[in-house]
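Undergrad: Here you go, sequence then predicted model.
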Amino acid sequence: MRARTTPLALTVALAVGLSACTSPEPPPSPPAPEPPSELSAGRSEPVTDPLYPQQGNPGIDVLHYGLALTYVPGDRVLNGLAELTIRPVHDAGELRLDLAAGLTVTESTVDGVAAPAAREGDDLVLTAAVVKDRDIVVTVAYNGVPAPVPAPARREDMAGGIGAQTGADGELWTFQEPFGAFTWYPVNDHPSDEALYDVTVTTPEGWTGVSTGVYQGTETDDGYTTTTWRSADPVASYVTTLAVDRFEMYEQRAGEVHYVSWVPSGFAAQWEPLFAELPELVAWLERRYGPYPFPNSGIVAVGGRSGMETQGTITLSAGLAGGNGDRRVILHELAHQWFGDSVSPRDWRDVWLNESVATYAEAMWAVDQGMLTEADAVAVWSGADQRMRDEYGPPGDYDPGAFASGNVYFCTALMLHGLRGEMGPEKFDAMLRDWVQKQRNTTQDRASFTAWVSEYAGEDMTAFIDAWLDSPTTPRA
């Protein structure tokens, strides 16, 4: 029987007011947030992605992003001032960042000196001489209407593209895996370059901006509302977020975690019970994988038709609420806070590192709730495995045009089930728990995971794992 905790009282803060069409003139762009004094947590070793080499720049390591964003839903224009603290990986005469071609750069500097900006598609190229390991500060002022870009995927929920998207009334949200953060800010858009973030979002009063990190508070002045966000834990660009809507805020605390969730006012009744259950879902995951890795949790409910493990505050379609399926999706995305956010893939060949455990955890939670048996889950995975390999390729060597298809979910959850049988439940559970606790705030890959599993198994598991990840046919269990 599932243990239940008494739901904490929810604090409701309404954010419903003026429509964008009656908003005053946009305020002057605020300054970019100041970076913290210590940036070592943002240091990374960026790599070139073998599947999507056009995204990211292994020649720079962004330590910190300070983003001052102003968005007016009535005209859908985003004004941004970005201040990036960057460690050059080698000497160079230019800097390259990802920034959508539809966003216009109005000013750019390097260490306070004007740096000529050129555009090459979705690349922003700044002319400036930089020295290896000598940190620099890059500022970019820009504006434009954010728009999604095509997704390298066949999934129905990604058919409309990835990145920033807007709704009928100008509301804005983002889903951006494996890339797409560049549709709303200048970024080294690759998971191997994690960084610290400070963000402010200014909107007409009555609208609220939600972003990455721990919610710091809201100020309203002269018809505009500004929210402030800070992440002291490194964040990969694909799990950053920006959402703007007429949100209601729900706030609660449980243990060490501060839960802050956001929902459009028309969906509040459906979502309030789910917000109340978040601490219970997190507690279930903590019993398996150890302490929750961040100081904050919550949900932002948005437009679109998908769900995303954006760090701290997960992003879900507002229409998702209703029935047991919504809790399974929430549990899946919460599991990613350990597997995907706290411990991230070094490149996109290893997205299975994220999805295998999240899929497995989702199923085991459903088993605990009496929704299905473990045999039911294994039967689903087994029944899908060969078809997924035929259609999308093996999960460790998949078709780059079929990102995040069923193979990286079902086939690798079945692999974990096989590992549990090989290792025994106690060693298997300890292996996963220690993986995310001891590798916290790092990027990892197949080689490091295989070595980790082998250590806990007491034997070399390379052949076992490689067969499940690379074979065109279902390995023999």
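TA: Sure, I can see it.
Undergrad: And for Ser40, the neighbour number?
TA: Using other Cβ atoms under 10 Å, Ser40 is surrounded by 7 other residues. Yep, even glycine has a C-beta here, placed from its N, CA and C like the rest.
Undergrad: how much space between it and Val130?
TA: Distance of Ser40 to Val130, computed by Cβ to Cβ, to the nearest Å: 20 Å.
Undergrad: just Val260 next, same as before
TA: 38 Å.
Undergrad: Same question for Thr315.
TA: The spacing between Thr315 and Val130, counted by Cβ to Cβ, is 34 Å.
Undergrad: Contact partners for Ala301?
TA: Ser261, Trp262, Val263, Pro264, Phe267, Trp271, Leu316, Ser317, Ala318, Leu320, Ala321 (Cβ atoms under 8 Å, 6 or more residues apart in numbering).
Undergrad: Isn't the second one up against Val244?
TA: Which is Trp262. No - using Cβ atoms under 8 Å as the test, Trp262 is too far from Val244 to be in contact (10.3 Å).
Undergrad: Quickly list what's touching both of these two.
TA: By Cβ under 8 Å, 6+ apart, the residues touching both Trp262 and Val244 are Thr208, Val210.
Undergrad: Does Gly93 touch Leu126 like I think?
TA: No - the pair Gly93 / Leu126 is not scored as a contact, 10.2 Å apart, by Cβ under 8 Å.
Undergrad: which one of these two has more residues nearby?
TA: Counted by other Cβ under 10 Å, Gly93 and Leu126 do not tie: Leu126 has more neighbours, with 21 against 8.
Undergrad: Check for me that Gln55 belongs to a strand.
TA: No - assigned with DSSP: H, G, I helix; E, B strand; the rest coil, Gln55 falls outside any strand and is coil.
Undergrad: Find the nearest non-adjacent residue to it, please.
TA: Phe179 (4.5 Å; Cβ to Cβ, 6 or more residues apart in numbering).
Undergrad: For the one you found, which three-state class applies?
TA: Phe179 - assigned by three-state DSSP - is coil.
Undergrad: from memory it sits against Val239, does it?
TA: No - applying Cβ under 8 Å as the test, Phe179 and Val239 come out as separate, 11.8 Å apart.
Undergrad: What is the burial count for Thr442?
TA: 15.
Undergrad: Can you name the residues that contact it?
TA: Taking Cβ under 8 Å, 6+ apart as the test, what Thr442 contacts is Val343, Ser344.
Undergrad: and the host helix or strand of His332, what other elements does it pack with?
TA: Secondary structure assignment for His332, by DSSP states H and E: helix 324-338. Under the contact definition 3 or more Cβ pairs under 8 Å, 6 or more residues apart in numbering; DSSP states H and E, helix 324-338 sits against helix 268-289, strand 296-302, strand 307-308, strand 313-317, helix 352-368.
Undergrad: out of the ones you listed, nearest to Met461?
TA: helix 352-368 (14.1 Å; Cβ to Cβ).
Undergrad: Which strands and helices lie in contact with the helix or strand following the closest one?
TA: Next helix or strand after helix 352-368 toward the C-terminus (DSSP H and E): helix 374-392. Judged by 3+ Cβ pairs under 8 Å, 6+ apart, the packing partners of helix 374-392 are helix 352-368, helix 412-423.
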